[in-house]
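# Quick check, what structure comes out for this input:
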Amino acid sequence: MELTFGYGEGEQRVTLPGANLLEILLPNQVDYELTGEAEVRRALRSPIGSAALKDIVSPGEKVAIITSDITRPFPTYKVMPALLDELCLAGVSKSDITLVFALGCHRKHTPEEMKKLAGERAFSEIACIDGDPADCVHYGYTENGTPVDIVRVVAEADRRICLGNIEYHYFAGYSGGAKAIMPGVSTRDAIQCNHSRMVDADACAGKIEGNPVRKDIEEAADMVGIDFILNAVLDEHKEIICAVAGHPTHAHREGCAFLDRLYKKHIPARADIVLVSQ
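Residues are numbered from 1 along each chain as shown. Sure thing, here's the model as predicted:
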């Protein structure tokens, strides 16, 4: 049997004996009506566990939008037009909005990369910057002892809006939600302390309740304060097929539930070798 896997910009083909193939795992069939920007606008009109964004922010407030860096598949450029429209509807000045790329421990972006990530409109209308872990505000420590040191432009904003992609994360359970804050705009010391719990048996993909890494992440975010999230679930073609907006925990959990319906699989046994392509 010949199988084809996406690899970079091309493909790789593998031939396997049929008797050695346990199962081919593909996404489940799920129902959805909207995709891309239309789905984002629907989510903004129907926030989960929260007032509408236009009723949260006010004219004159400084707004920090925290989004993923270039190592993540989240299509910030597809989300920003609808989000900017919502903020403008609330009377927020574009000069008061900053898009912050959450680097964690990753390298900084080039201006060209920032423009590609943010999209033409956001890059030309608002400030787009990398988070600077060398300039932080200290909030204290989580119960786990993780220092909560947050990039200053985020910490000193009047409102914080977190963007992100929801997918399975091998030790935080799921990506998205409060991960934009921790590790997104945190220091290396904070990230190392948080990630040190990844060896715990409960720190695994698809688990939120009782997951010490996710618990630490959300405790840190609660100390900082997230006013609103806008997260998305992508299909295998990297298209937005579900967006959730609103409360940083309640909206995130709705997105995780959709992800499970789309990608969660029950397998008959553990395989000796797994071939995977994203």
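
# Need the three-state assignment for the closest residue to Phe123 other than its chain neighbours.
Using Cβ to Cβ, 6 or more residues apart in numbering and skipping the chain neighbours, the partner closest in space to Phe123 is Lys115 (4.5 Å). Where C-beta positions appear, they are placed from N, C-alpha and C, glycine not excepted. Three-state assignment for Lys115 (DSSP: H, G, I helix; E, B strand; the rest coil): helix.

# What count of nearby residues applies to Lys115?
16 (other Cβ atoms under 10 Å).

# From Ala245, how far off is it?
Going from Lys115 to Ala245 by Cβ to Cβ, to the nearest Å gives 25 Å.

# repeat for Ser124
24 Å.

# Neighbour count for the two, which is higher?
Ala245 (31 against 11).

# Secondary structure element holding that one?
strand 240-246 (DSSP states H and E).

# could you point out which element follows that strand?
helix 250-263.

# Counting by contacts, list what that following helix packs against.
Packing contacts for helix 250-263, counted by 3 or more Cβ pairs under 8 Å, 6 or more residues apart in numbering; DSSP states H and E, involve strand 173-174, strand 228-234, strand 240-246.

# how about those in JSON lines, adding distance to Thr110 and mean pLDDT?
Output for these, formatted as JSON lines (distance: least, Cβ to Cβ, whole Å; pLDDT from 0 to 100):
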{"stretch": "strand 173-174", "distance to Thr110": "30", "mean pLDDT": "97"}
{"stretch": "strand 228-234", "distance to Thr110": "24", "mean pLDDT": "98"}
{"stretch": "strand 240-246", "distance to Thr110": "25", "mean pLDDT": "98"}
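
# looking at those, which is closest to Glu39?
strand 240-246 (4.8 Å; Cβ to Cβ).

# Only C-alpha atoms, please: export that closest one in CSV.
Only the C-alpha atoms of strand 240-246 are listed here, as CSV (Å, rounded to 0.1, in the frame of the first residue of the first chain):
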residue,chain,number,x,y,z
ILE,A,240,-10.6,28.3,9.9
ILE,A,241,-13.7,26.2,10.3
CYS,A,242,-14.5,27.1,13.9
ALA,A,243,-13.8,30.3,15.8
VAL,A,244,-14.6,31.0,19.5
ALA,A,245,-14.6,34.3,21.2
GLY,A,246,-15.2,35.7,24.7
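
# Name the residues that touch that strand?
30, 32, 35-37, 39-40, 42-44, 46-50, 53, 75, 78-79, 166, 228-235, 251-252, 254-255, 258-259, 262 (Cβ atoms under 8 Å, 6 or more residues apart in numbering).

# sorry, back to before: now tabulate the helices and strands packed on helix 250-263 in a markdown table and tack on distance to Glu209.
Below are those laid out as a markdown table (distance: least, Cβ to Cβ, whole Å):
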| stretch | distance to Glu209 |
| --- | --- |
| strand 173-174 | 9 |
| strand 228-234 | 19 |
| strand 240-246 | 18 |
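
# before we move on, the earlier item: now the contacts of strand 240-246: which count as buried?
35-37, 39-40, 43-44, 47-48, 50, 53, 75, 78-79, 166, 228-234, 251-252, 254-255, 258-259, 262 (16 or more other Cβ atoms under 10 Å).

# Just give the closest residue to Cys162, not the sequence neighbours.
Ala180 (3.7 Å).

# Same question for Ser93.
Here the residue nearest Ser93, using Cβ to Cβ, 6+ apart, is Pro59, at 7.0 Å.

# Over to that neighbour. Which of the three states is it?
Assignment for Pro59 (three-state DSSP): coil.

# Leu3 versus the closest residue to Ala269 other than its chain neighbours, what's the distance?
Distances taken as Cβ to Cβ, 6+ apart put Leu22 closest to Ala269, at 6.6 Å, once the chain neighbours are dropped. Applying Cβ to Cβ, the value for Leu22 to Leu3 is 13 Å.

# Over to Val63?
47 Å.

# Neighbour count: those two, which is higher?
The residue with more neighbours, out of Val63 and Leu3, is Val63; 26 against 13, by other Cβ under 10 Å.

# list the contacts for the residue nearest to Ser93?
Per Cβ under 8 Å, 6+ apart, neighbours of Pro59: 90-93.

# now the helices for the stretch 51-200 of the chain?
Remark: helices assigned in the stretch 51-200 of the chain by DSSP state H, counting those that start in this stretch are 76-89, 111-118, 120-125, 152-155, 188-195.
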